[in-house]
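>>> Sequence isn't available, so here's the structure alone:
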């Protein structure tokens, strides 16, 4: 999840200051109009120490009208809080309708710290997170908008920022806290990923913000905060039941960082393909002998090379061990069930391998872009998909996910080739060109999909596909390495 955020994004101070007047005007107008909104806006700041949460809040406070804003910190428990149920203090902190609150950590801090300190186990932690999710859902159903930010730092950046704190404050409580967070970085990130996965929903969205650069961090939060209020007010004006809008694009530009210049010459490709297919054949039989099962799914652009990569995989295995599923529009029977039903139905039995050309991610790609699913429907699908995949991996299934990425120019070139070659003409349709016109919408959807569903138990493999030979070998290598690591 967090590796998708570590992109080194930066905004210069000059650029930020140039854009600030317009953004501040939008922010103030949205805040003033929000006073008549039928529910509160609850903003939660959470993240790694040194990520600048306090500095950011001070800056935002200087831009907004503080008379309608409440700041909540849940540091030391008061006597009144200790004598009441744990969520009492959070109920007491809910702002009135039309008002805004900013809370630091809130109901996430205690459970996450307890997990990091090994004071609680994972089942207890997950129950606590589910309770938090139910709490947020209760508030959202009453009109509240819950906006949650996780401010992330790479391990290297976190170390540097904590060293600065150490030098600034010397020995003492701040020094001890900084050193503890430095030592526990991996455990904190793991706890956060698990907690965010459980509590990320259509009614209370998490936004992952890369916090290394001050101006990028500030601009990102101001845009999301302003856009959320504007979209909610627009929905209320239109008489639509308000939920935090699913189309506020806060996803990091993951796909733009893929190096499409990677290539492989023909001779090296043939040699590598033969070696990996032989390796794969042995591994496929080992899967069968150990009673394991494998699911590999491919998503990506039209003409992105999914079919070619799948064919080379299948050629490297005994065909009796593998099945390929081409996922198209759902049938009448499938429409009558939950969208995940047909994928549960096709889970391979022990010893066998299933490969999907397209998958359950259609919910947050084509159904999102084409309007086949509402923002509320596809917005809650990220958590449903993560839960589905976790159940697969917990049961011992080896799960691989590939995104086949190409440039718009390479896609057009392949479309033209398909039109010219008789045996490929069946692959090209008017719909392919129509989808191409929505490239930016699909790219936004794919970026968010990867950021929200690349997890520790089920990460995405992003394949540079402008060179077909390179892409096919990348898939083969990843497939073999995953099987070897799991057997």
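Alright, I've got the coordinates. Just so we're clear, the structure is a prediction, and the values are computed from it rather than from any experiment.

>>> Quick one: residues in contact with the lowest-mean-pLDDT helix or strand in the chain.
One helix or strand of the chain scores below all others by mean pLDDT, DSSP states H and E: helix 155-169, with a mean of 77. With Cβ atoms under 8 Å, 6 or more residues apart in numbering as the test, helix 155-169 has contacts from 48-51, 153, 174-175, 178-179, 181-182, 185-186, 212. From N, CA and C alone the C-beta is placed, and that goes for glycine too.

>>> Distance-wise, check the residue of the chain positioned farthest from its centre relative to residue 428.
In the chain, the greatest distance from the average C-alpha position (Cα atoms, centre = their mean) is reached by residue 422, at 40.2 Å. For residue 422, the distance to residue 428 equals 12 Å [Cβ to Cβ, to the nearest Å].

>>> Please apply the same query to residue 472.
21 Å.

>>> of the two, who's got more company?
residue 472 (24 against 19; other Cβ atoms under 10 Å).

>>> And the host helix or strand of residue 28, what's buried?
Taking DSSP states H and E as the criterion, the element that holds residue 28 is helix 13-34. Neighbour-count burial for helix 13-34, counted by 16 or more other Cβ atoms under 10 Å, picks out 16, 20, 23, 26, 27, 30, 31, 33, 34.

>>> can I assume residue 419 is in contact with residue 427?
No - judged on Cβ atoms under 8 Å, residue 419 makes no contact with residue 427 at a distance of 9.5 Å.

>>> who has more neighbours, those two?
The residue with more neighbours, out of residue 419 and residue 427, is residue 427; 16 against 11, by other Cβ under 10 Å.

>>> Please tell me how far the closest residue to that one other than its chain neighbours sits from residue 332.
Nearest non-adjacent residue to residue 427, counting by Cβ to Cβ, 6 or more residues apart in numbering: residue 418, 5.0 Å away. Noted for residue 418: a distance of 31 Å to residue 332, by Cβ to Cβ.

>>> How far does stretch 322-338 stretch from one end to the other?
26 Å (Cα to Cα, to the nearest Å).

>>> Same question for stretch 306-326.
Taking Cα to Cα as the criterion, the two ends of stretch 306-326 lie 11 Å apart.

>>> and the host helix or strand of residue 151 with helix 155-169, angle?
Here residue 151 is covered by strand 145-152, with elements defined by DSSP H and E. Counting by axes from the mean of the first three to the mean of the last three Cα atoms, to 10 degrees, strand 145-152 points 90 degrees away from the direction of helix 155-169.

>>> Report the buried residues of strand 145-152.
Of the residues in strand 145-152, those buried (16+ other Cβ under 10 Å) are 145, 146, 147, 148, 149, 150, 151, 152.

>>> In space, what's closest to the second one - neighbours in sequence excluded?
It refers to residue 146. Residue 146's closest residue in space is residue 204 (Cβ to Cβ, 6+ apart), at 3.8 Å.
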